[in-house]
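Undergrad: A predicted structure for the sequence below; I have some questions about it.
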Amino acid sequence: YEVHHVDVASAYLQSNVKEDVYIELPERVDNVDAEGQPLVGKLNRALYGIAQASKSWYTESCDKMTKGGYTRSRADPCIFHKALPDGRPMVCVEYVDDYLFIAPG
């Protein structure tokens, strides 16, 4: 078997936020409207530090793995497996934004 490591750069920034999340704008940004009311920003993508970031990333990651033909393990939700065309198993272990792919050589 061969083992390959994949690290997803800026993983949380790759996922969409399902809930409405608003943030205060930085001081250097014009953060009031014409009537002087404060403006806020609505996030479309997750940011590191918000509560929804890790869940959003995990949900999207699981969706992509299952669309790629993997099945999530019942024993551990971070382990995915699938059978290759010749019937041999391929396993993927996910830890946050790191993946280990284990497949026959």
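TA: Nice, thanks for sending it over. Numbers count the residues shown, from 1 in each chain.
Undergrad: tell me the contacts of the residue nearest the centre of the chain?
TA: Nearest to the geometric centre of the chain sits Trp57, at 2.1 Å (CA atoms, centre = their mean). By CB atoms under 8 Å, 6 or more residues apart in numbering, Trp57 lies in contact with Ala11, Tyr12, Gln14, Ser15, Ala46, Val96, Asp97. (Each C-beta comes from the backbone N, C-alpha and C, glycine too.)
Undergrad: confirm it sits in a strand?
TA: No - Trp57 is assigned helix when assessed by DSSP: H, G, I helix; E, B strand; the rest coil, not a strand.
Undergrad: tell me the spacing between it and Gly36.
TA: Relative to Gly36, Trp57 is positioned 38 Å away (CB to CB, to the nearest Å).
Undergrad: before we move on, what about Cys92?
TA: Cys92 is 53 Å from Gly36, by CB to CB.
Undergrad: so those two - more neighbours on which side?
TA: Cys92 (21 against 6; other CB atoms under 10 Å).
Undergrad: could you find the closest non-adjacent residue to Pro104?
TA: Arg88 (4.6 Å; CB to CB, 6 or more residues apart in numbering).
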